[in-house]
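In: Sequence isn't available, so here's the structure alone:
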């Protein structure tokens, strides 16, 4: 793989940075649209950042923004560990330019399992880890899934780079069979997304397809999980 560095603009929710990145970092930042995103790239060396723009200040600054991070080493699901989370902040006003999350699968050959509740949370210790935190379980769920708050509030985009909603809840289905996200769509309604239908998670959640409500809503009136082929309520085949 080429290690050639290129000056690129990487976007965040609160601004952007100009930084020299290698091919691998550029690949991570490309979520399928015309722009590169900072969140999937993670933490960059501040010396590689030449300048940044803050949306709050509406001003461009020379040099790097402030970068704060921690290593929670948090098991958010079976075979899924949140290794690092951090944020890029404006050195003048303190506004967040971008946030990132770095996940790891301890066993790359195995799939991600059910979410881990607080009572059974354990930690692993990668070399860079400095501290551990328990996964916070929400006291009351508003849907029929057991919920967790690790990625609540992240914007959700489809493969056409369209913002289709925001993550409301993360949890497991009542039968304990799979981890899901409950997403509040732009129109205010909720839809359940299966874990296998998620392509990437960083500052945003990128789906592996589109959110087509017409294909998810059965004639019985029940709105099914993303990717469902049969109604989860009555069993009828969906469109």
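Out: Perfect, I can see it now. Fair warning: this is a prediction, and the values are worked out from it, not measured in the lab. Numbers count the residues shown, from 1 in each chain.
In: By mean pLDDT, flag the weakest helix or strand of this structure.
Out: Of all helical and strand segments in the chain, the minimum by mean pLDDT, DSSP states H and E falls on strand 146-148, at a mean of 44.
In: Could you look up the next helix or strand downstream of that strand?
Out: Using DSSP states H and E, the helix or strand that directly follows strand 146-148 along the chain is strand 155-157.
In: In terms of secondary structure, what does that next one contact?
Out: When contacts are defined as 3 or more Cβ pairs under 8 Å, 6 or more residues apart in numbering; DSSP states H and E, strand 155-157 sits against strand 163-172, strand 204-207. Any C-beta I mention is one placed from the backbone N, CA and C, and that applies to glycine too.
In: Direction included, what does that strand pair up with?
Out: Taking DSSP bridges as the criterion, strand 155-157 sits next to strand 163-172 (antiparallel), strand 204-207 (parallel) in its sheet.
In: Following the chain past the longest one, name the next helix or strand.
Out: To tie it back to what came earlier, the one meant is strand 163-172. Under the assignment DSSP H and E, the closest C-terminal helix or strand after strand 163-172 is strand 179-185.
In: which helices and strands does whichever helix or strand comes after that following strand pack with?
Out: Towards the C-terminus, the helix or strand next in line after strand 179-185, according to DSSP H and E, is strand 190-194. Under the contact definition 3+ Cβ pairs under 8 Å, 6+ apart, strand 190-194 sits against strand 179-185.
In: quick one: buried residues of the strand it packs on?
Out: Neighbour-count burial for strand 179-185 flags 179-184 (criterion: 16 or more other Cβ atoms under 10 Å).
In: out of those, which one sits closest to residue 47?
Out: The closest of those to residue 47 turns out to be residue 181 (Cβ to Cβ; 36.2 Å).
In: how near is that closest one to residue 106?
Out: Counting by Cβ to Cβ, to the nearest Å, the gap from residue 181 to residue 106 is 22 Å.
In: Is it correct that residue 4 is in contact with residue 22?
Out: Yes. Residue 4 sits in contact with residue 22 when judged by Cβ atoms under 8 Å, with a separation of 6.9 Å.
In: Please say which of those two ends up with more neighbours.
Out: Neighbours per residue, other Cβ atoms under 10 Å: of residue 4 and residue 22, the larger number sits with residue 22, 14 against 10.
In: Correct me if wrong: that one contacts residue 5.
Out: Yes. Residue 22 sits in contact with residue 5 when judged by Cβ under 8 Å, with a separation of 5.8 Å.
In: so what secondary structure elements neighbour the strand or helix carrying residue 18?
Out: Here residue 18 is covered by strand 15-21, with elements defined by DSSP H and E. Based on contacts counted as 3+ Cβ pairs under 8 Å, 6+ apart, the elements that strand 15-21 packs against are strand 6-12, strand 49-54, strand 96-104.
In: Nearest to residue 152, out of those strands?
Out: For the helices and strands packed on strand 15-21, distance to residue 152 was read as Cβ to Cβ. The smallest value, 12.1 Å, belongs to strand 96-104.
In: which parts of the closest one are buried?
Out: Neighbour counts using 16+ other Cβ under 10 Å place 96-103 of strand 96-104 among the buried residues.
In: name the helices or strands packed onto that strand?
Out: Counting contacts by 3+ Cβ pairs under 8 Å, 6+ apart, strand 96-104 packs against strand 6-12, strand 15-21, strand 80-89.
In: now those strands as TSV including mean neighbour count, distance to residue 59 and mean pLDDT?
Out: Putting the helices and strands packed on strand 96-104 into TSV (neighbours: other Cβ atoms under 10 Å; distance: least, Cβ to Cβ, whole Å; pLDDT from 0 to 100) gives the following:
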stretch	mean neighbour count	distance to residue 59	mean pLDDT
strand 6-12	17	15	93
strand 15-21	22	10	96
strand 80-89	21	14	88
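In: Appreciated, that's everything.
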